[in-house]
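Student: I would like the atomic coordinates for the input below:
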Amino acid sequence: MKKYFIVTAKCGHVGKDKYILIDFPVIAEDGREAAKIARNIPRVKHHHKDAIRNVKEVSYENFVLLCKFNKNDDYLNCSSNQEQLMIYDEIESRLFYEEEKEVKKKESDSKWFHKIKVRNYKKYMINYGGSKWKHLSCMNGLMN
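Tutor: Predicted coordinates:
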């Protein structure tokens, strides 16, 4: 049996590290299916883990009311970047900023950053002089 849902999703194309929360009316059998459908709607930040913020079941009257509201929403009706820039003042009050994520540094990368990967030692020695390689006995055989 089909049910009516309102799915709140993060929408983009409003600037770097910014988003707008939009309520989308969705018809589905359950909340999971409604979230999957909403994730594939244009403008939704598809690849964000937290793209779907909220899913709630509503009555048919509220569903229709939201459909009418979205038809009149300037953000959802603009079809180009130029149109969106013309209404940016209206959109700006609805913007949220992304939270900064910590980037984990791998320990293995920090140990080897100073090492140079050389595929052909003979060409390296000819092209770059290899003065820092002269102390290596294996390199002396290649240069002769």
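
Student: the helix or strand containing Tyr19 pairs with which strands, parallel or anti?
Tutor: Using DSSP states H and E, Tyr19 sits in strand 18-28. According to DSSP bridges, strand 18-28 forms sheet pairs with strand 3-11 (antiparallel), strand 95-97 (antiparallel).

Student: which of these sits most buried?
Tutor: strand 3-11 (a mean of 20; mean count of other C-beta atoms under 10 Å). Yep, even glycine has a C-beta here, placed from its N, CA and C like the rest.

Student: circling back: and the strands paired with strand 18-28 as a markdown table, adding distance to Asn77 and mean pLDDT?
Tutor: Listed next are the strands paired with strand 18-28 as a markdown table, based on distance: least, C-beta to C-beta, whole Å; pLDDT from 0 to 100:
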| stretch | distance to Asn77 | mean pLDDT |
| --- | --- | --- |
| strand 3-11 | 13 | 95 |
| strand 95-97 | 18 | 88 |
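
Student: could these be laid out in JSON lines, adding distance to Arg53?
Tutor: JSON lines is the format used below for the strands paired with strand 18-28 (distance: least, C-beta to C-beta, whole Å):
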{"stretch": "strand 3-11", "distance to Arg53": "4"}
{"stretch": "strand 95-97", "distance to Arg53": "10"}
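
Student: out of these, flag the one nearest Glu83.
Tutor: When the strands paired with strand 18-28 are compared by C-beta to C-beta, strand 3-11 sits nearest Glu83, at 15.4 Å.
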